[in-house]
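Participant: When you get a sec, could you give me coordinates for this:
(2 chains)
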2 protein chains.
Amino acid sequence: MRKVAILGIGQTKIDEHWEKSLREIGGAAAFAAMQDAGIEKVDTLFVGNMLAPIVNGQNQLGTFFADWIGLWKQEAVKIEAACASGAAAFRAALMAVASGEIDSALVIGVEKMTDKAGRDVTAALATAADADYEVEHGISFVGINALVMRRYMYEFGWKHEDFAQFSINAHANAMHNPYARLHEKITVEKFEKSSMVATPINLLDASPTGDGAAAIVIVPAEKVQRKPRIIVAASAASTDTIAVHSRKDPMFLQAAYTSSKRAYEMAGVTPKDIDLFELHDAFSIMAALSLEASGFAERGQGVRLALENKIGIGGEIPVCTRGGLKARGHPVGATGMYQLVEVIQQLRGECGKTQVDGAKIGMAQNIGGSGATILTHILKIDD
Amino acid sequence: MRKVAILGIGQTKIDEHWEKSLREIGGAAAFAAMQDAGIEKVDTLFVGNMLAPIVNGQNQLGTFFADWIGLWKQEAVKIEAACASGAAAFRAALMAVASGEIDSALVIGVEKMTDKAGRDVTAALATAADADYEVEHGISFVGINALVMRRYMYEFGWKHEDFAQFSINAHANAMHNPYARLHEKITVEKFEKSSMVATPINLLDASPTGDGAAAIVIVPAEKVQRKPRIIVAASAASTDTIAVHSRKDPMFLQAAYTSSKRAYEMAGVTPKDIDLFELHDAFSIMAALSLEASGFAERGQGVRLALENKIGIGGEIPVCTRGGLKARGHPVGATGMYQLVEVIQQLRGECGKTQVDGAKIGMAQNIGGSGATILTHILKIDD
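Facilitator: Next comes the predicted model:
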């Protein structure tokens, strides 16, 4: 396998883009990435997307975007793994370049989901859960996460306000990210007074959806002259049961454990070596569970990292340095690509007030469903 | 890149499977393939599917099936490229094994589309076309193909009945395929009297949809002891504009030309070397266009191959040897995998009355949208 490196990145602001079509949003990120990469053509296009067939009436997004951005005759394909679609598309691209089958790939993670009414989007998001054994019984996606959070609080003795710092940290970091959906500082008081969504998950536990796209161009490492040269040191994917109730232990992200373990081995590092961690805080409970399963905290103690503010810039393990899903926003099929772009921005030292000093190794973890599909990527500066 | 070979295949009968769920259909093909391969576990699962998010309310089919068939903790992902989803999933698996990243892959192409009313399925299928510039104006997917067929007949001087042999051949071959949806011989008279769908496409020009799944296990070639050893000699994908009206020449399948040309080069063969060709006859016009773009006939002369019956078993270029989309059936996201399974059955010599004598090199071509995404695979016996 060939070593693969980053040639360019691009992203759009996450927002309700009423004035822009699916094409335009994905295209904007793609053009930005290709401009940043200094190229006009790639061998193959990989698109990560979850909801376009349902929300936008559009399938075949690979070809759809190859057509729009002028990659005529080039190969193109769409990858879907619910909210992990972005990282799954990146991994497919990575394997294609690493194999030698292609020499360059553009990956776009894209979602335009605010065209539909809220209840329709909620129904569309529920396709990430088990249609026959979960959704059929009337539960929504946030409802499933609420059951997990409630049990976690009971089991490990945490109060709701103990989770506040996850959201406060994300919102604080997003203040300095022009691409973030929310630019609003929050406090513990505000966190506690926020409207309830599905007990105990309130509005400030939950990430906002949105329209957005992020893109990356990858090539064999030897073709990158740009400094610092950032390589993909590890890529690993794992799965768990699709329905949460089928798991022996619904509060342990088995697939995060397996994929991060494999990624650490592949990159030859341990959690201590990770300078920043873009985790998948779709709900505050998921931030805690990701930290635990990925080796940053003991079982039931992920919340403590937040409480003791070890997750901020300059902390033990900075997370959500650009705002995370919570405040940067969560355009579902695009999220995994935003996380990777943000890790790259950190390694390039482009993050201004939320720059992690001397960041050399960054990790991104993207989750599809309620912990059903989890991909972990480690990127590092290749000296 | 490592050479990749076939370890096992499986498929289900295409039908309206009211009594079976999406899980059960995909699982049946997967278990059959793993049993044929003599293994119980693979590294990674790739699923090709187009309509489950819309028709079955189920996304994340990779993990969904990994869970169902017991590939716990294994990596799994879904690939979507409209009706080319099956072959696109196969190609993604191929690159993953060829790269050395994984050592075995199971690919499932699956679709359960008959649960919805006909008009809902028609709307779902239209997501393969351009939502903004085609579907928005009210045209259906068969409508687009009808415009192409009408223009082709005008341009090259063919009558509707000249296309009959494509369907007659497919129906005749399907008589000997227990997995085919239709077991019914047809004649030119029947073909001409069939009810109109979208002029000039009538019911016997159009392939029937259906529920079904086909699966293949692939591994590095050196791990296959079974004789004959069948390897993937070439895999190529190409795209065209998603909307047919954007093409300079709507009657030329540019992406079939590009992908078959690349595949011939990769396999070191010419069209003359191909012993059988499983082409994508979603509509009879597509059979003609595929033959032309893939080098088996001059422009506008694909129909002549059918008229002169050169496409039958024992003919110059046998096509749809197991019934093709027309009579085996077209469970959209699964079709590309059925085609590949059928090529493998031919190379193994398992096709009884429709066996192509001494078949050593077979080709499969899978089309997504109206010629928008096209993948060509060449499989051969590796002596």
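
Participant: The stretch 251-383 of chain A against chain B: which residues are in contact?
Facilitator: Residues of the stretch 251-383 of chain A lying close to chain B by CB under 8 Å from any CB of the partner chain are A:Gln254, A:Ala255, A:Thr258, A:Gly368, A:Gly369, A:Ala372, A:Thr373. Quick note: C-beta positions are derived from backbone N, CA and C, even for glycine.

Participant: Count the neighbours of the second one for me.
Facilitator: Per other CB atoms under 10 Å in any protein chain shown, the neighbour tally for A:Ala255 reads 30.

Participant: ok, it touching A:Thr373?
Facilitator: Yes - at 6.7 Å, A:Ala255 and A:Thr373 qualify as touching, with contact defined as CB atoms under 8 Å.

Participant: Inside strands: which ones of the residues of the stretch 251-383 of chain A next to chain B?
Facilitator: Among those, the ones falling in strands (DSSP state E) are A:Gly368, A:Thr373.

Participant: Format the residues of the stretch 251-383 of chain A next to chain B as a markdown table; extra columns: pLDDT and distance to B:Glu101.
Facilitator: Below are those laid out as a markdown table (pLDDT from 0 to 100; distance: CB to CB, whole Å):
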| residue | pLDDT | distance to B:Glu101 |
| --- | --- | --- |
| A:Gln254 | 98 | 21 |
| A:Ala255 | 98 | 18 |
| A:Thr258 | 98 | 16 |
| A:Gly368 | 98 | 20 |
| A:Gly369 | 96 | 23 |
| A:Ala372 | 98 | 21 |
| A:Thr373 | 98 | 17 |
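
Participant: Please compute how far the helix or strand hosting A:His377 lies from its chain's middle.
Facilitator: Per DSSP states H and E: A:His377 is located in strand A:373-381. With CA atoms, centre = their mean, to the nearest Å as the basis, strand A:373-381 stands 10 Å off its chain's centre.

Participant: what do you get for stretch A:331-351?
Facilitator: 8 Å.

Participant: In space, what's closest to the spatially most central residue of chain A - neighbours in sequence excluded?
Facilitator: Here the mean C-alpha position of chain A is nearest to the C-alpha of A:Gly336 (CA atoms, centre = their mean), at a distance of 3.1 Å. Spatially, and ignoring its direct neighbours in sequence, A:Gly336 is nearest to A:Gly86 (2.6 Å; CB to CB, 6 or more residues apart in numbering or on different chains).

Participant: Quick one: mean pLDDT for the strand or helix carrying that neighbour?
Facilitator: For A:Gly86, the host element (DSSP H and E) is helix A:85-98. In this model, helix A:85-98 has a mean pLDDT of 96.

Participant: about what we covered before: what packs against the strand holding A:His377?
Facilitator: helix A:85-98, strand A:230-239, helix A:254-267, helix A:335-348, strand A:361-368 (3 or more CB pairs under 8 Å, 6 or more residues apart in numbering or on different chains; DSSP states H and E).

Participant: The closest residue to A:Leu106 other than its chain neighbours: neighbour count?
Facilitator: Leaving out its chain neighbours, the residue that sits closest to A:Leu106 by CB to CB, 6+ apart is A:Val42, at 4.4 Å. When neighbours are counted by other CB under 10 Å, A:Val42 registers 30.

Participant: Now A:Val42, what are its backbone angles?
Facilitator: phi -130, psi 160 (degrees, to the nearest 10).

Participant: contacting residues for it?
Facilitator: A:Val42 makes contact with A:Met34, A:Leu71, A:Gln74, A:Ser104, A:Ala105, A:Leu106, A:Val217, according to CB atoms under 8 Å, 6 or more residues apart in numbering or on different chains.

Participant: And for A:Met95?
Facilitator: Shown in contact with A:Met95 (CB under 8 Å, 6+ apart): A:Ser235, B:Ala92, B:Met95, B:Ala96, B:Ser99, B:Glu101.

Participant: and if you look at A:Asp115?
Facilitator: A:Val55, A:Asn56.

Participant: Can the helix or strand that A:Met34 is a member of be said to contact chain B?
Facilitator: Taking DSSP H and E as the criterion, A:Met34 maps to helix A:22-37. Yes - using CB under 8 Å from any CB, we find that helix A:22-37 touches chain B at A:Arg23.

Participant: Reformat the helices and strands packed on strand A:373-381 into TSV and put distance to B:Ile168 next to each item.
Facilitator: Listed next are those as TSV, based on distance: least, CB to CB, whole Å:
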stretch	distance to B:Ile168
helix A:85-98	40
strand A:230-239	45
helix A:254-267	51
helix A:335-348	49
strand A:361-368	46
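
Participant: So for stretch A:221-239, what gets flagged as buried?
Facilitator: A:221, A:224, A:229-239 (16 or more other CB atoms under 10 Å in any protein chain shown).

Participant: For chain B, what's the nearest residue on chain A?
Facilitator: A:Ser99 (3.1 Å; CB to the nearest CB).

Participant: looking at chain A, which residue ends up farthest from its center?
Facilitator: Farthest-out residue of chain A from its mean C-alpha position, per CA atoms, centre = their mean: A:Lys73, at 30.0 Å.

Participant: Let me see the contact set for it.
Facilitator: B:Ser238, B:Thr239, B:Asp240, B:Gln254, B:Ala255, B:Thr258.

Participant: Could you rerun that using 7 Å?
Facilitator: By CB atoms under 7 Å, 6 or more residues apart in numbering or on different chains, A:Lys73 lies in contact with B:Ser238, B:Thr239, B:Gln254, B:Thr258.

Participant: how about low-confidence regions in the stretch 251-383 of chain A?
Facilitator: Across the stretch 251-383 of chain A, nothing is flagged by pLDDT under 70.

Participant: mind running it again at 90?
Facilitator: Within the stretch 251-383 of chain A, the ranges that satisfy pLDDT under 90 run A:383.

Participant: neighbours of A:Phe283, just the number please.
Facilitator: 29.

Participant: do the same with A:Gly300
Facilitator: If we define neighbours as other CB under 10 Å, then A:Gly300 has 17 of them.

Participant: which residue packs closest to it, ignoring adjacent ones?
Facilitator: A:Phe156 (3.5 Å).
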